[in-house]
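Trainee: Fold the stuff below for me.
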Amino acid sequence: MKRIGLTGGIGSGKTTVAKLLQAEGIPIVDADEVARDLRKPGAAGHQQILARFGTDDRLKLREIITQDTQARVDLEAILHPLILQESRVRMDDVAMRHPEAPFLIYEATLLIEAGRHSDFDGILVVTAPEESRIQRILTRDPMSREQAQAVVQAQNLDDYRLKHATWVIENDGGFDDLKLKVRKALEQIRQS
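Mentor: Predicted structure coming up:
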């Protein structure tokens, strides 16, 4: 079974793309879900995060790492090895449970930044205009426009992501437009 990485910056629409692919019958492994599970009380990363940051609140952690580059490095050093190990277990499990699927999708925001792009048979990158990304963040997360803009700019690595892309979806229209682009990308992946 092929393994396809799906990535894009915060607010790009990456999760919506994953849901649309899942609706087409493609199995998904979500790195954010893996990370959430690893941060839960009693899980492998929880105590390390509390010891380093004094909180396990997702929004507080986002604010801390947006303002402090070393904090981001520290959080990634805690979580990335754990995410790598657990995501491999979950992808193997999906492959065993869905032998009929031609490929699976591994959805991860920091896929390329974490050096994981070479682990996959191809990379699907979702991009979106900065203002659209900010508006999506403001719609779902309780934060100010300035905070949302800082989060987007801290992750604004589309040029870097695009260098590693096998396929690209530009999420610069409405939902119906995105659905068409996902179907087109799905066909391209199937033909590869």
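Trainee: Tell me the helices and strands packed up against the biggest helix by length in the chain.
Mentor: Ordering each helix of the chain by length in residues (DSSP state H) puts helix 69-97 first. For helix 69-97, the elements it packs on are strand 28-30, helix 31-39, helix 46-53, helix 58-67, strand 103-107, judged by 3 or more CB pairs under 8 Å, 6 or more residues apart in numbering; DSSP states H and E. Quick note: C-beta positions are derived from backbone N, CA and C, even for glycine.
Trainee: Okay, buried residues for it please.
Mentor: Neighbour-count burial for helix 69-97, with 16 or more other CB atoms under 10 Å as criterion, is recorded at 71-72, 74-75, 78-80, 82-83, 86-87, 90-91, 94-95.
Trainee: ranking the helices and strands packed on helix 69-97 by mean pLDDT, which is last?
Mentor: Mean pLDDT values for those show the minimum at helix 58-67, a mean of 88.
Trainee: Now do that one: everything it contacts.
Mentor: Applying CB atoms under 8 Å, 6 or more residues apart in numbering, the external contacts of helix 58-67 come out as 36, 39, 49, 53, 55, 71-72, 75, 141-143, 147, 150-151, 154.
Trainee: May I have it exported as PDB, CA atoms only?
Mentor: The C-alpha trace of helix 58-67 is given here as PDB (Å, rounded to 0.1, in the frame of the first residue of the first chain):
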ATOM      1  CA  ARG A  58      -3.200  23.200  23.400                       C
ATOM      2  CA  LEU A  59      -3.900  26.900  22.900                       C
ATOM      3  CA  LYS A  60      -1.500  28.100  25.600                       C
ATOM      4  CA  LEU A  61       1.200  25.800  24.100                       C
ATOM      5  CA  ARG A  62       0.500  27.300  20.600                       C
ATOM      6  CA  GLU A  63       0.900  30.800  22.100                       C
ATOM      7  CA  ILE A  64       4.100  29.900  23.900                       C
ATOM      8  CA  ILE A  65       5.800  28.300  20.800                       C
ATOM      9  CA  THR A  66       4.600  31.200  18.500                       C
ATOM     10  CA  GLN A  67       6.400  33.700  20.700                       C
END
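Trainee: gap between it and the chain center?
Mentor: On the basis of CA atoms, centre = their mean, to the nearest Å, helix 58-67 sits 17 Å off its chain's mean C-alpha point.
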